[in-house]
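Sequence below, structure please.
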Amino acid sequence: MTDEPHLSDLDRAILDLEARVYRSVGAKERDILRLTGLTPAHYHARLVRLMREPAAVRYAPSVVRRLLGRTRS
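As a prediction, this is how the structure comes out:
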């Protein structure tokens, strides 16, 4: 067992939401509140922190790579 931090259920829910494809922004914002209890602003702040977490990269590598690619362009 390592001393490495693990993802919380909320962190996994955020990464799972980012893996979904939404046809409208409104639908995603409703899911953010319904599934995480966070406002969109708090959700995105937590997502930005998650993108730097090695545990997040291991849990959802393609999601984190996609998000990092978006922030670099």
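
Tell me which residues of the helix or strand hosting Leu68 come out buried.
Per DSSP states H and E, Leu68 falls inside helix 61-72. Residues 63-64, 67 are the ones in helix 61-72 that count as buried (16 or more other Cβ atoms under 10 Å). From N, CA and C alone the C-beta is placed, and that goes for glycine too.

same question, stretch 30-44
Neighbour counts over stretch 30-44 (16+ other Cβ under 10 Å) mark 32, 36, 38, 43 as buried.

if I look at the second one, how far off is Ala13?
Counting by Cβ to Cβ, to the nearest Å, the separation of Thr36 from Ala13 is 5 Å.

same question, the third one
Separation of Leu38 from Ala13 (Cβ to Cβ) stands at 10 Å.

remind me which residues of the chain are low pLDDT?
1-4, 72-73 (pLDDT under 70).

Could you pull out the helices in it for me?
Here the chain has its helices, by DSSP state H, at 9-19, 25-36, 40-50, 54-59, 61-72.

residue contacts, Ala60?
Going by Cβ atoms under 8 Å, 6 or more residues apart in numbering, Ala60 touches 15-16, 18-19.

6 Å - rerun?
By Cβ atoms under 6 Å, 6 or more residues apart in numbering, Ala60 lies in contact with Leu15.

Kindly provide the distance from Thr71 to Val64.
Counting by Cβ to Cβ - Thr71 and Val64 are separated by 11 Å.
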